Structure formats: C-alpha cells, structure tokens
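[1] Pasted the sequence and its predicted model underneath.
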Amino acid sequence: MEIYGASRQQEGTKSNEDAFLVGRGQIPFAALADGSGNAQQAARSALGLFHRLFSEATPEEIERFHTWDGWIRLLDSLLLGGAQSTFVAVALLPGRIVGTSTGDSRLYLLTMDGEIQILTEDAQKFRLGSGKVIPFPIHRQVQPGDVLMLMSDGAWTPLNLTKMKALRAKALSRHFSEFPAIFLDEAGKNGRADDMTAVAIRVL
C-alpha cells in the first residue's frame, strides 16, 4: 500500500479544524476527522484515542466490525457535551478493507477501470460527541491499482464524480504522493470556504 495525505485550512482562518492520521505498520490504516466547536482539539483528540485503541488491538480484533463499533461509541462518549467531530477510518488487510464512518466526511473508491463509488454514502450524519452516533460499517474487497480517498466535506463538496474521474486520470501520471494535493487544488481553485483534507491510499 501507498498512503499520503494533505490538508489546507480555510482562507482567512488561523487554525485547521481537520486532522488526519496514517499508519504504515503491519496493518496499514488511515483516519480523518473534521471537528466543530473547539474543532482542532476535537479532531485531534478523536484521532489520538483511535490511534491508541488501534495500536493495542490484535489483527483478529481489527478484522471485526464489532471492534470498530465499540471504538466509535467510546469516541462519541469522549467528546460528549463538548466539541464534535466527524470520523472515517479504514484498515488495509490482504485483498480488502475494513473500517467505519460517522458524519459527513467520506470514503471514495476509485477503481482501476475508472469507476468511482462513495463507500460511505449511507453513513449517518451524527458526529462524535453528539451522543447519537450510529457507526457505519466499511467492508470491501479491493484490487491492485484501486485508490481509496478519505475526504472531509470541505474537500469533496466542490467536486462531483465527473471532476473526480478527470482528476484521477491526471493524478495517475504523477507521483502518488501528489495525489491528495491535486484533488485539493481543484477543490480550492475558487477559494477555500472550509478546511479541506484528503488522504489517498493505493493498493499495490
């Protein structure tokens, strides 16, 4: 797997309310959070606890959605009554991905044949800290050459699927480390009305 991320703050602001985390260990993973309220702290707190939980889990636990469901509900309790945050995360296992999502940050699958699917389209919009989260399960087979994109709403809102297909074709001619920035350049070409973050994962 190859994993790279990029983030850009909203124009005219001093802090970025998005945060992302990548792991390239035995079980690679990526996670993205988009905070609100004391937003930067909310997103980073959520990712910090997730990283600890993930690091302490066994491979067998990571494979089960029951584990992810418990993690999300714990994160929801952690932020309850304060700042809230979206959350989307995936772990990469041989031939497949597992993970979960809540809120309006998205996970896209860009396949080798040029198709694009929103894997989190049916996720509930309740954020961590609302006390109402319903963790959305992510479980999907993947093939070599597939690209996964985790994106905050500031990044995906300006981009429709047609634009994303064109960007994918453009990005494939560049080093994969540039993949997230190419999408953010397009998303922010008319100004950045929100923080925007993208994390790209390529299956090898």
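    Perfect, I can see it now. A quick note: this is a predicted structure, and the numbers were derived from the prediction, not measured.

[2] can you pull the buried residues of the lowest-mean-pLDDT helix or strand in the chain?
    Across the helices and strands of the chain, mean pLDDT, DSSP states H and E gives its lowest value to helix 39-56, namely a mean of 89. For helix 39-56, a neighbour-count test (16 or more other Cβ atoms under 10 Å) marks 39-47, 50, 53-54 as buried. C-beta coordinates here come from the backbone N, C-alpha and C atoms, glycine included.

[3] Check which helices and strands that helix is in contact with.
    Judged by 3 or more Cβ pairs under 8 Å, 6 or more residues apart in numbering; DSSP states H and E, the packing partners of helix 39-56 are strand 18-23, strand 29-36, helix 65-79, strand 84-85, strand 87-93.

[4] do that again at 6 Å, thanks
    Packing partners of helix 39-56 (3 or more Cβ pairs under 6 Å, 6 or more residues apart in numbering; DSSP states H and E): strand 18-23, strand 29-36, helix 65-79, strand 84-85.

[5] The first one: partners in the sheet, and parallel or antiparallel?
    Which is strand 18-23. Here strand 18-23 has these sheet partners by DSSP bridges: strand 29-36 (antiparallel).

[6] what comes up buried for the partner strand?
    Judged by neighbour count (16+ other Cβ under 10 Å), strand 29-36 contains these buried residues: 29-35.

[7] same thing with stretch 4-15?
    In stretch 4-15, counting by 16+ other Cβ under 10 Å, buried: 4-10.

[8] name the helices or strands packed onto the helix or strand hosting Lys165?
    Lys165 belongs to helix 161-171 when assigned by DSSP states H and E. If you count contacts as 3+ Cβ pairs under 6 Å, 6+ apart, helix 161-171 packs onto strand 116-118, helix 179-187.
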